[in-house]
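Asks: prediction below, plus the sequence it came from.
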Amino acid sequence: MAYYHRLGQIPRKRHTQFRQPDGSLYAEQLVGTLGFHGVSSLLYHIHPPTQIKEVGEPVPYGEKLLKDRALQPSHLRTLAQTTTGGDYLQARQTLMGNADVMLSICNPTERRMRYYYKNALADEVIFVHEGRGELWSQLGKVSFEPGDYVVVPRTIIHQFHFEEGPVRLLIIESFSPIETCRRYRNHFGQLLEHSPYCERDMRAPSELIIEDEPGEYRVQVKKEGYLHQLTYAHSPFDVVGWDGYFFPYAFSIHDFEPITGRIHQPPPVHQTFEAHNFVICSFVPRLFDYHPLSIPAPYNHSNVDSDEVLYYVAGNFMSRKGVDLASFTVHPSGLPHGPHPGTVEASIGKKETHELAVMVDTFRPLYLTETALQYVDDKYPMSWNPDFKHEAPRAADMMD
C-alpha cells in the first residue's frame, strides 16, 4: 500500500541507536521489495531476526499444471467441499495458475496455526468467503470477516487465527507486488477522487503482538515448490515498533463503490488490484444501465489477450445458468464467451443486481492442476447450446 503507517515505539531518526530498557540495542530490520526501490518498512526487534537454531528437511509443496488439456471453457464446483484439510497450509488446494499467479481454495478445520508462515516469493491475497478471525504478523493484528480481501506482502511472517465456524478462502498468490490500480492514483501514490475506494477503506495493523520468550519457533517458508523448515531461537513476533509503507492490510469487497453508466460497462470498471500480467476485480451490488434501450447482460466477447476467471461469492449472475456459489468459471483466450441462451432477453428491464464475485484476468494462459479435475463440470463447454439442460444451482441462499 502506498501510504505511510506506524505502530509502537520507533526512534526519531532511522538507522540510529535505539536502546532497550537494559541498554542493549533493538535490532533494526528493513523489509521491502524490488531491491531498495520498492515500498518498505523498518521494524525494530527485541532480538536479532537472524538467530536460526535448526534447518529441517524441505517438504515438497506444489501442484502440476496441466498444459496439455484441451482448450475449452471450464466450470469448477467447489461448494460441496466444506473442508480441504486440517491446518492452513495443509488445506490449500491449488486449482490453476501460470508463471504470474496461482489460485487456490483453502477450507481448514484447525482454528490456529501452530507455526509461523512466510511466502518468500509471492504476495498473497486471501479473499474471505466464509470465516472470521485475525491475521497476526510481525507488524501486528488485522481482523477480518466475510467479504474481506486480506493482502499479505511477500516475506511478511504471519499466522491466521480463525473463530469457530466454517472457513472458506480463495487465495490468490502473486509473483509480483499486489498494488492498487494505477489509473486511480496520482504520481504521489494517493488514491484519486474518482477511485472506487480510498485509503480510509484499508485496515492496517492496529495492535502489536510482542512475544519475548526464548524457545523454538518454527517458521515454514514457501519457496520454489517447497516448504522450508526453519527453527529460530526467538519468536518473529518480537517487534516493538515499525513504520513505513509495507504492511498487510484488509479491504472489504463491500467497500468497493461500483462504477455504472447508461450502457453496459466493461470489466475494467470493476478492477480492484493489479500486478504484473493480471488484475483482480470485484463485482458488487449495483444499479444496472439506465439507457432506455440498455441490455444489462454482458455482450459476447473474445478474450484475445487474457484468460478470465470468475469466482462466485453470492447472488445470482444473470448471464450464467447452473452456477453455484464457490464455483469458478474459466474462459480462456482463443475462445469467445458470453451469456447463456435466454439470459440476454431476460435481463432487459432489470434495474439492479445483488451479485458478489471476484474476477481474475490474466495476460498469460492459465492452466488447471490435477487437483482441479475433481471439481470440473464436464458438461459446461456445451452449455451455450439452446437445448442444453442446466442444473439448478444447489446453494440455498442464492439471491435474485
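Replies: Thanks, I have the structure now. Residues are numbered from 1 along each chain as shown.
Asks: surely residue 376 touches residue 72?
Replies: No - taking CB atoms under 8 Å as the definition, residue 376 is not a contact partner of residue 72, at 9.8 Å. C-beta: built from backbone N, CA, C; applies to glycine.
Asks: what segments of the stretch 251-400 of the chain are helices?
Replies: Secondary structure of the stretch 251-400 of the chain by DSSP state H, counting those that start in this stretch: the helices cover 343-347.
Asks: okay, residue 376 and residue 72: which has more neighbours?
Replies: Between residue 376 and residue 72, counted using other CB atoms under 10 Å, residue 376 has the larger neighbour count: 18 against 14.
Asks: mind listing what the residue nearest the centre of the chain touches?
Replies: Here the mean C-alpha position of the chain is nearest to the C-alpha of residue 125 (CA atoms, centre = their mean), at a distance of 2.3 Å. Residue 125 makes contacts with 149, 150, 151, 152, 171, 172, 174, 178, 273, 280, as judged by CB atoms under 8 Å, 6 or more residues apart in numbering.
Asks: after the helix or strand hosting residue 53, heading C-terminal, what element do we hit next?
Replies: In the assignment (DSSP states H and E), residue 53 maps to strand 52-55. Next along the chain after strand 52-55, taking DSSP H and E as the criterion, comes strand 59-60.
Asks: what lies in contact with that following strand?
Replies: With CB under 8 Å, 6+ apart as the criterion, strand 59-60 contacts 225, 226, 227, 229.
Asks: measure the second one to residue 267 for me?
Replies: Okay, so that is residue 226. Counting by CB to CB, to the nearest Å, the gap from residue 226 to residue 267 is 36 Å.
Asks: before we move on, the earlier item: now the buried members of the contacts of strand 59-60.
Replies: 227, 229 (16 or more other CB atoms under 10 Å).
Asks: please produce a markdown table containing the contacts of strand 59-60, extended by pLDDT and distance to residue 302.
Replies: Below are the contacts of strand 59-60 laid out as a markdown table (pLDDT from 0 to 100; distance: CB to CB, whole Å):
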| residue | pLDDT | distance to residue 302 |
| --- | --- | --- |
| 225 | 94 | 34 |
| 226 | 97 | 39 |
| 227 | 98 | 40 |
| 229 | 98 | 46 |
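Asks: nearest to residue 354 among the contacts of strand 59-60?
Replies: Closest approach to residue 354 among those (CB to CB): residue 227, at 39.9 Å.
Asks: contacting residues for that closest one?
Replies: So, once contact is read as CB under 8 Å, 6+ apart, residue 227 ends up touching 58, 59, 61, 89, 220, 221.
Asks: just residue 67 next, same as before
Replies: If a contact means CB under 8 Å, 6+ apart, then residue 67 has residue 367 as its contacts.
Asks: if you set the cut-off to 10 Å instead, what comes out?
Replies: Contacts here follow CB atoms under 10 Å, 6 or more residues apart in numbering; on that basis residue 67 touches 98, 365, 367, 368.
Asks: do you know how far it is from residue 98?
Replies: Counting by CB to CB - residue 67 and residue 98 are separated by 10 Å.
Asks: who touches both of those two?
Replies: Residues touching both residue 67 and residue 98 (CB under 10 Å, 6+ apart): 365, 367.
Asks: that older thread, for the contacts of residue 125, give me a markdown table that also has distance to residue 140, neighbour count and pLDDT.
Replies: A markdown table is the format used below for those (distance: CB to CB, whole Å; neighbours: other CB atoms under 10 Å; pLDDT from 0 to 100):
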| residue | distance to residue 140 | neighbour count | pLDDT |
| --- | --- | --- | --- |
| 149 | 18 | 25 | 98 |
| 150 | 13 | 24 | 98 |
| 151 | 14 | 25 | 98 |
| 152 | 13 | 25 | 98 |
| 171 | 21 | 20 | 98 |
| 172 | 23 | 26 | 98 |
| 174 | 22 | 27 | 98 |
| 178 | 19 | 22 | 96 |
| 273 | 22 | 22 | 97 |
| 280 | 24 | 24 | 98 |
